[in-house]
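Asker: got a sequence here, can you model it:
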Amino acid sequence: MLEHIPFEKILREALKEGGEFADLYFEQTRSVTIVCEEDRIEKVVSGLDRGVGLRVLFNGRTIYSFTNQKTEEALLELAGAISRVVRENGEARVIDLTHPSQPFAGKSSLPVEKDPSGISIGEKVSVVKRANDVARRSDQRVRQVKVLYRDVSQVLSIANSDGEWREGERVGTLLSVQVVSAEGDVIQTGYEPVAGTMGFELFDLHPPEEVAEAATRRALLMLSARRAPMGRMAVVLSSEAGGTMIHEAIGHGLEADLAQQGLSVYSKKIGESVASRLITVVDDPTLPQKRGSYAFDDEGVISRRTVLVEEGVLKGYLYDRLAAMKDGVQSTGNGRRESYQHKPIPRMSNTLIVPGKAKPEEIIRSVEKGLFVKKMGGGQVNTVNGDFVFEVSEGYLIEKGVVGEPVRGAILTGNGPKVLKEIDMVGDDLGFGIGTCGKDGQGVPVSDAQPTLRIPELVVGGREGSK
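Answerer: Alright, predicted model coming up:
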């Protein structure tokens, strides 16, 4: 897409008054969103958005602007505006992009078997209806069902003043089902999402009927569940819970910008023990078909696996180019942005705790009395001190090493660094969860994963109103 744009001329204009680095980011995004509520299709929206973002880095700062105009005149005007902002800073720099050091030699994209752009709207609506019908017809206690389908197809081009030029495509597909059940004065919600960097083959792996069944089962199960016990107790986090805790309790704290600003409990702790020796944490956007995967990040840096914590020792942070420049290191390929209207910042991709050696059933048998968390809900974390609060959307009592009756309304309260140091059993399994991670007003697709984990003691509270 940038081959028809004199990007070297535009970048030179942006840097003519100074600056250490400049890049041009072009994005074209096509999307389809379908929503079914109240047993009918409420929304079918097809969208097309395209635009260009231009950035200059200087003196540890970012100047960023964007436009939805792709003409040479508009982009030169954008570059001129940015150069005027940095006029009194930095030093003029001559750049030559005539022979890029890493020239574009083909699209760098993740493989997709069934591109959503080749699937009719009718087929997409059918997927939504299939999920809705299963949930609606399952039980008279089901009161509300909401099904969301969304696919996104992006074409990206990135050129920068280091002579790099990247171009590629990204495809993502998502289906989520939310079910509200009621019995007497008890109301419960079940939610199940599936998503990945793939096309319609998502539904070969996860048929919509199965997604609906999972959400419905959870909503109905929790109607008869007793209130969760309160107090300090052993907690086993199932691999099915996904990696919500690892994402929130440690992941954000390992994003380099927060660490540099002193807004992370892990600031200035490289080489120190921050977790149990059983814990190794990695971020890996190269994993096939995961929601947080990409061939290169939104700054054109090729994706790679980054070890953050190895056997309990903090090894590094997640970097974009700006944060890397500040620390004198290379970007880890984690510069991500929501769209061309946003500047890139350090973000997680697919973040996970590496599996250990214990069998999940062995971990459960080791607990005399405690809580088994099968599915996590939402939560909040203070990245400065690591304190967290997480809801449990599906939990069970453990008594004498056996998973027993379901409980509802459980809330886990603790401190991330403390919990990570106390984990004393790590399973040999691995389960993924998906989400959209928010930071600085931007949302990006992510996944997180963990094996079954045992925490010897954690504070379990109850949500007010859980009967």
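
Asker: how many neighbours does Leu48 have?
Answerer: 8 (other Cβ atoms under 10 Å). C-beta: built from backbone N, CA, C; applies to glycine.

Asker: pLDDT value on the residue nearest to Arg305 when sequence neighbours are not counted, please?
Answerer: Distances taken as Cβ to Cβ, 6 or more residues apart in numbering place Asp284 nearest to Arg305, at 4.3 Å, with adjacent residues excluded. Here the pLDDT value assigned to Asp284 is 98.

Asker: so which elements touch the helix-or-strand element of the chain with minimal mean pLDDT?
Answerer: Lowest by mean pLDDT, DSSP states H and E among the helices and strands of the chain is helix 244-246, with a mean of 81. For helix 244-246, the contact count by 3 or more Cβ pairs under 8 Å, 6 or more residues apart in numbering; DSSP states H and E identifies strand 350-353, strand 369-381, strand 387-399, strand 442-450 as packing neighbours.

Asker: any idea how far Asp49 is from Thr383?
Answerer: If you measure Asp49 against Thr383 using Cβ to Cβ, to the nearest Å, the figure is 31 Å.

Asker: remind me which residues of the protein are low pLDDT?
Answerer: Applying pLDDT under 70 to the chain flags residues 1-3, 88-108, 463-467.

Asker: isn't Gln341 up against Thr67?
Answerer: No: using Cβ atoms under 8 Å, Gln341 is not in contact with Thr67, being 9.7 Å away.

Asker: so what sits against both of those two?
Answerer: Common neighbours of Gln341 and Thr67, counting by Cβ atoms under 8 Å, 6 or more residues apart in numbering, are Gly51.

Asker: want to throw the helices and strands packed on helix 244-246 into a markdown table with distance to Leu57?
Answerer: Formatted as a markdown table, those follow (distance: least, Cβ to Cβ, whole Å):
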| stretch | distance to Leu57 |
| --- | --- |
| strand 350-353 | 26 |
| strand 369-381 | 29 |
| strand 387-399 | 33 |
| strand 442-450 | 18 |
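
Asker: quick one: closest of those strands to Pro6.
Answerer: Distances from Pro6 to each of the helices and strands packed on helix 244-246 were compared using Cβ to Cβ; the minimum, 29.4 Å, belongs to strand 442-450.

Asker: tell me the strands beside that closest one, with direction?
Answerer: Here strand 442-450 has these sheet partners by DSSP bridges: strand 350-353 (parallel), strand 431-439 (antiparallel).

Asker: just the CA trace of that strand, in CSV.
Answerer: What follows is strand 442-450 as a C-alpha-only set of coordinates in CSV (Å, rounded to 0.1, in the frame of the first residue of the first chain):
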residue,chain,number,x,y,z
GLN,A,442,-6.8,1.5,23.8
GLY,A,443,-8.1,-2.0,23.4
VAL,A,444,-6.0,-4.8,21.7
PRO,A,445,-6.8,-8.5,21.3
VAL,A,446,-4.9,-10.8,23.7
SER,A,447,-4.9,-14.3,25.1
ASP,A,448,-3.5,-15.6,28.3
ALA,A,449,-2.9,-19.1,29.6
GLN,A,450,-1.8,-21.1,32.6
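
Asker: one step back: for the residue nearest to Arg305, give me its contacts.
Answerer: With contacts taken as Cβ under 8 Å, 6+ apart, Asp284 has the following neighbours: 305-306, 349-350, 352.

Asker: where do the helices of the chain begin and end?
Answerer: Along the chain, the stretches classed as helices by DSSP state H are 7-14, 72-85, 121-137, 202-205, 208-221, 244-246, 256-260, 321-327, 360-365, 416-422.

Asker: can you give me the buried ones in the third one?
Answerer: By neighbour count, and taking 16 or more other Cβ atoms under 10 Å as the criterion, the buried residues in helix 121-137 are 124-125, 127-136.

Asker: one step back: I'd like to know which of the strands paired with strand 442-450 lies nearest to Glu394.
Answerer: Closest to Glu394 of these is strand 431-439 (Cβ to Cβ; 12.5 Å).

Asker: in that closest one, what's buried?
Answerer: Neighbour-count burial for strand 431-439 [16+ other Cβ under 10 Å]: 431-435, 437, 439.

Asker: of the residues you listed, just say which sits nearest to Leu412.
Answerer: Here the nearest of the buried residues of strand 431-439 to Leu412, counting by Cβ to Cβ, is Gly433; it sits at 15.3 Å.

Asker: that closest one pairs with what?
Answerer: Taking DSSP bridges, one finds Asp448 as the beta-bridge partners of Gly433.

Asker: how far away is it from Ser393?
Answerer: Gly433 is 11 Å from Ser393, by Cβ to Cβ.

Asker: likewise Asp440?
Answerer: Distance of Asp440 to Ser393, given as Cβ to Cβ: 27 Å.
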